[in-house]
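**Student:** A predicted structure for the sequence below; I have some questions about it.
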Amino acid sequence: MSWESTASYYRLLNQGINQHLGGLHSAKLILHSVDFDEIEKLQHDGAWDRMGVILANAAYGLEKAGAEGIIICTNTMHKLSASISKNINVPLLHIADATAQRLIADGVKKVGLLGTAFTMEEDFYKGRLSDKFDLEVFTPDASQREMIHKVIYEELCLGITKEASREYYAQVISSLAEQGAEAVILGCTEIGLLVSQSDSTLPIYDTTLIHADAAVQWMLDT
């Protein structure tokens, strides 16, 4: 939800539409960008109800402005996807569904998950992958989860990429492979700013790329 990954979405959506339609075509978008400092403080205070109101109002505002569908450009805030959907009359394209569908299409059944502590530890994301799509999900150990979360908030959301952090993430991915993971989900939309396929011993499924691609197809099909 930081503007760093929002910028990636904006670029990918426009590039995707242009690749399909050519010429000077670009994506018809209505963007609501939040003040991430406010969201981050509410996250760590556990004030999810308050965040639900903020995002539901944002989604409703987008609908009123003419949006025919909604995407939430973050994995963590899909914790609130159900409450957001209840407040709008247009569909919401869930990031975990788009990612799971890509994994299944590729024959992957066992997957590692990197993301914020909320995404790695709570059931709203892992549970959706396992219950709805029958995927087996592996997460790093507690100390690794803490470091992964720290890098996201203290570096990537500020546009900072460090080689030491890239190497650390690569080590965590290797440990997920040892647990039996066949691929790894970059389950935070900022992680792709740091980690690429060349850094990983496992096939990478970058949720930013997958979600944006699914949104492009969604837009073209409507």
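**Tutor:** Structure's in. What do you need?

**Student:** Flag every buried residue along stretch 207-217.
**Tutor:** Buried residues in stretch 207-217, counted by 16 or more other Cβ atoms under 10 Å: 207-216. Just so you know, the C-beta spots here come from the backbone N, C-alpha and C atoms, and that holds for glycine as well.

**Student:** where's the residue positioned nearest the centre of the chain relative to Ala65, distance?
**Tutor:** Central residue of the chain (Cα atoms, centre = their mean): Asn75, 3.5 Å from the mean position. Asn75 is 25 Å from Ala65, where distance means Cβ to Cβ, to the nearest Å.

**Student:** One more: Met219?
**Tutor:** 16 Å.

**Student:** wait, isn't Leu186 in contact with Ser200?
**Tutor:** No: using Cβ atoms under 8 Å, Leu186 is not in contact with Ser200; the gap is 9.2 Å.

**Student:** Tell me which of the two has more neighbours.
**Tutor:** Leu186 (28 against 20; other Cβ atoms under 10 Å).

**Student:** Skipping its backbone neighbours, what lies nearest the more buried one in space?
**Tutor:** Asp206 (4.6 Å; Cβ to Cβ, 6 or more residues apart in numbering).

**Student:** How many neighbouring residues does that neighbour have?
**Tutor:** 23.

**Student:** Contact partners for Cys157?
**Tutor:** 2, 4, 36, 40, 190 (Cβ atoms under 8 Å, 6 or more residues apart in numbering).

**Student:** Could you do Gly187 as well?
**Tutor:** Per Cβ under 8 Å, 6+ apart, neighbours of Gly187: 75, 99, 113-115, 119-120, 125, 207.

**Student:** Check which element follows the helix or strand harbouring Ile148 along the chain.
**Tutor:** Assigned by DSSP states H and E, Ile148 belongs to helix 142-154. The helix or strand immediately downstream of helix 142-154 is helix 163-179, counting by DSSP H and E.

**Student:** Low-confidence ranges, the protein, go.
**Tutor:** For the chain, no stretch has pLDDT under 70.

**Student:** Run through the strands of it in chain order.
**Tutor:** 110-114, 136-138, 183-186, 204-206 (DSSP state E).

**Student:** Distance to Asp49 added to these, as JSON lines?
**Tutor:** Formatted as JSON lines, the strands of the chain follow (distance: least, Cβ to Cβ, whole Å):
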{"stretch": "strand 110-114", "distance to Asp49": "25"}
{"stretch": "strand 136-138", "distance to Asp49": "27"}
{"stretch": "strand 183-186", "distance to Asp49": "27"}
{"stretch": "strand 204-206", "distance to Asp49": "31"}
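
**Student:** Could you give me the buried positions within stretch 88-102?
**Tutor:** 88, 92-100, 102.

**Student:** hmm, who's touching the longest helix seen in the chain?
**Tutor:** Counting residues, the longest helix found in the chain (DSSP state H) is helix 3-21. With contact meaning Cβ under 8 Å, 6+ apart, helix 3-21 is reached by 25-27, 29, 31, 33, 36, 71, 73-74, 156-159, 189-190, 192-193, 208-209, 211-213, 215-216, 219-220.
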